[in-house]
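>>> got a sequence here, can you build the structure:
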Amino acid sequence: MNEKQIINYAEFLNNNLEQLKINYKTSYDFIYESTFDEFCRYVYKGLEVGAWLPVEYTYKVSSI
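Below you'll find the model as predicted:
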């Protein structure tokens, strides 16, 4: 990540941390395969590039 991406990622986490925790806990298939940090980075990158993500990953998460 470059400096701008790091700042954007930090802002994304600050704005969405509590909801990301909830989404991570309800995304059973992802939990067994990743850490919370990996989940957050996956959601962030998916939103950044406009990729399709399951609704349970992005529920109530504000866009970047």
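
>>> which one is T26 nearest to, not counting chain neighbours?
Leaving aside its sequence neighbours, T26 sits nearest to E56 (C-beta to C-beta, 6 or more residues apart in numbering; 5.7 Å). Where C-beta positions appear, they are placed from N, C-alpha and C, glycine not excepted.

>>> and the one helix or strand the one you found maps to, what's its mean pLDDT?
Assigned by DSSP states H and E, E56 falls within helix 55-58. Here helix 55-58 scores 93 as its mean pLDDT.

>>> which parts of this protein are helices?
Under the criterion DSSP state H, helices of the chain are mapped to 3-26, 28-31, 36-49, 55-58.

>>> quick one: find the helix or strand in the chain with the lowest mean pLDDT.
helix 28-31 (a mean of 66; mean pLDDT, DSSP states H and E).

>>> burial check on N8, number of neighbours?
Using other C-beta atoms under 10 Å, N8 has 15 other residues around it.

>>> quick check, pLDDT for it.
91.

>>> ok, K60 touching L17?
No. K60 is beyond contact range of L17, at 12.0 Å (criterion: C-beta atoms under 8 Å).

>>> which ones are touching the residue nearest to T26?
Counting by C-beta atoms under 8 Å, 6 or more residues apart in numbering, E56 makes contact with 23, 26-27.

>>> least confident pick among those residues?
Out of those, that is S27, at 82.

>>> chain neighbours aside, what residue packs nearest to that residue?
Nearest residue to S27, sequence neighbours excluded (C-beta to C-beta, 6+ apart): E56, at 5.2 Å.
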